[in-house]
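Participant: Fold the following, please.
(one chain, ligands or ions: 3)
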Amino acid sequence: MSDCRLYLITPPKIDLATFPALLASALDAGDVACVQLRLKDVGDDVIRRAIDALRPVVQGREVAFILNDRPDLAAAGGCDGVHVGQDDTPYAQARKIMGRDAIVGVTCHDSRHLAMVAGEDGADYVAFGAFFDTTTKDPKARAEPEILSWWQEMMEVPCVAIGGITVENCAVLVDAGADFLAVSGGVWNHPDGAAAAVKAFNKVIAGA
Ligand SMILES: Cc1ncc(COP(=O)(O)OP(=O)(O)O)c(N)n1
Ligand SMILES: Cc1nc(C(=O)O)sc1CCOP(=O)(O)O
Ligand SMILES: [Mg+2]
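Facilitator: Ligands and ions are numbered 1, 2, ... in the order given. The predicted structure follows:
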């Protein structure tokens, strides 16, 4: 059985009247290691309100709550961590803002060099992607599963696989050594609903 775990990313748009209950049902359906709140092109108040609505749902279930892009709002809002990309707040500054006990993850696209730099700097995980076509964003790179196997042999720092991951295509990434599968559309757009998707991802992971 694999040690790989699910890393949920919120949908691009969320309605705070309904999404907290949907998220709760997804988290109650199976193992999820963390949830990343990812809202692009919205004001700080929208992000703050989303943190306030979702953080108790996530942390109340012993799941880590991570904010995308914004270490300042993550620290102020009581998040467990932040995810930063190569064009976001640099890792060292994010770490300084978040503190040494927080989770700080870094996007590394398909770059072994970027991942080694992030790992040596102290990142809690490195993220590789995109592994598959995705409509959630226009990814900068296409990664191959071999990069996960290479990383596992080289480094102790956990690696996250992201980009177009679904119940149907995820097994190859689990087999290649992903510590986490970061998934948005593969859960929220699943034809049987988000809870069924979480259950199905866990079944594939357990069988890999
Ligand atoms: C787990 C995880 N991996 C990669 C990303 C992408 O981050 P970034 O390249 O900064 O792009 P945006 O998500 O900010 O559009 C991520 N968010 N999470
Ligand atoms: C946010 C993000 N970052 C990516 C990268 O390659 O760095 S791919 C991606 C989209 C993730 O959503 P979905 O699971 O719907 O494809
Ligand atoms: Mg970013």
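Participant: residues in contact with whichever residue of the chain sits closest to ligand 1?
Facilitator: Distance from ligand 1 to each residue of the chain (Cβ to the nearest ligand atom) is smallest for residue 85, at 1.9 Å. Where you see a C-beta, it was placed from the backbone N, CA and C, and this is true even at glycine. Residue 85 sits next to 69, 106-107 when contact means Cβ atoms under 8 Å, 6 or more residues apart in numbering.
Participant: Distance-wise, check it relative to residue 69.
Facilitator: The gap separating residue 85 from residue 69 is 7 Å, by Cβ to Cβ, to the nearest Å.
Participant: And residue 204, by the same measure?
Facilitator: Residue 204 is 29 Å from residue 69, where distance means Cβ to Cβ.
Participant: out of the two, which sits in the more crowded spot?
Facilitator: residue 69 (21 against 18; other Cβ atoms under 10 Å).
Participant: Who are the contact partners of residue 68?
Facilitator: By Cβ under 8 Å, 6+ apart, residue 68 lies in contact with 9, 36-39, 82-83.
Participant: can you put those residues in JSON lines and add secondary structure and neighbour count?
Facilitator: Formatted as JSON lines, these follow (DSSP: H, G, I helix; E, B strand; the rest coil; neighbours: other Cβ atoms under 10 Å):
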{"residue": "9", "secondary structure": "strand", "neighbour count": "22"}
{"residue": "36", "secondary structure": "strand", "neighbour count": "24"}
{"residue": "37", "secondary structure": "strand", "neighbour count": "27"}
{"residue": "38", "secondary structure": "coil", "neighbour count": "20"}
{"residue": "39", "secondary structure": "coil", "neighbour count": "19"}
{"residue": "82", "secondary structure": "strand", "neighbour count": "27"}
{"residue": "83", "secondary structure": "strand", "neighbour count": "31"}
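Participant: ok, of these, which one's closest to ligand 3?
Facilitator: residue 83 (6.9 Å; Cβ to the ion).
Participant: which residues sit in contact with the closest residue to the closest one other than its chain neighbours?
Facilitator: In space, and not counting its chain neighbours, residue 83 is closest to residue 105: 4.5 Å by Cβ to Cβ, 6 or more residues apart in numbering. With contacts defined as Cβ under 8 Å, 6+ apart, the neighbours of residue 105 are 66, 81-84, 123-127, 160.
Participant: is the helix or strand containing residue 105 up against ligand 3 anywhere?
Facilitator: In the assignment (DSSP states H and E), residue 105 maps to strand 103-107. No: figure legend: strand 103-107 not in contact with ligand 3 (Cβ under 5 Å from the ion); closest approach 6.6 Å.
Participant: And for residue 190, nearest residue in space, chain neighbours not counted?
Facilitator: Nearest to residue 190 is residue 197, by Cβ to Cβ, 6+ apart, at 3.5 Å.
Participant: Verify the assumption that that neighbour is located in a helix.
Facilitator: Yes: according to DSSP: H, G, I helix; E, B strand; the rest coil, residue 197 belongs to a helix.
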